[in-house]
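Undergrad: give me coordinates for this.
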Amino acid sequence: MKRDVMVQIEDIIESLLRIEEYTLSINKDDFISNVQIQDAVVR
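TA: Numbers count the residues shown, from 1 in each chain. Now for the predicted structure:
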C-alpha cells in the first residue's frame with residue numbers, strides 16, 4: 001500500500017512540473033485565450 005501512495009505522489013509532482021513548464025512564460029490573458037494550455041493544465 002505504501003508504494004502505491006509514493007507512486008501517486010510522484011505522479012502529482014510530475015504533473016505540477018509540467019503545469020509549471022506550460023505556464024511559465026504566459027500571463028493570465030494568454031492562458032484564458034489558449035484552450036489547449038487550459039486542457040493540459042486543468043486535466
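
Undergrad: quick one: low-confidence ranges for this protein?
TA: Applying pLDDT under 70 to the chain flags the ranges 1-2.

Undergrad: how close does the residue most central in space within the chain sit to Asp4?
TA: Nearest to the geometric centre of the chain sits Ile19, at 2.9 Å (CA atoms, centre = their mean). Using CB to CB, to the nearest Å, Ile19 is found at 23 Å from Asp4. (C-beta placed from N, C-alpha, C; glycine too.)

Undergrad: where along this protein do the helices fall?
TA: For the chain, the helices defined by DSSP state H occupy 2-23, 28-33, 35-42.

Undergrad: show me what the longest one is packed up against.
TA: In this case it means helix 2-23. With contacts defined as 3 or more CB pairs under 8 Å, 6 or more residues apart in numbering; DSSP states H and E, helix 2-23 has these neighbours: helix 35-42.

Undergrad: sorry, back to before: identify the residues contacting the residue nearest to the centre of the chain.
TA: 40-41 (CB atoms under 8 Å, 6 or more residues apart in numbering).
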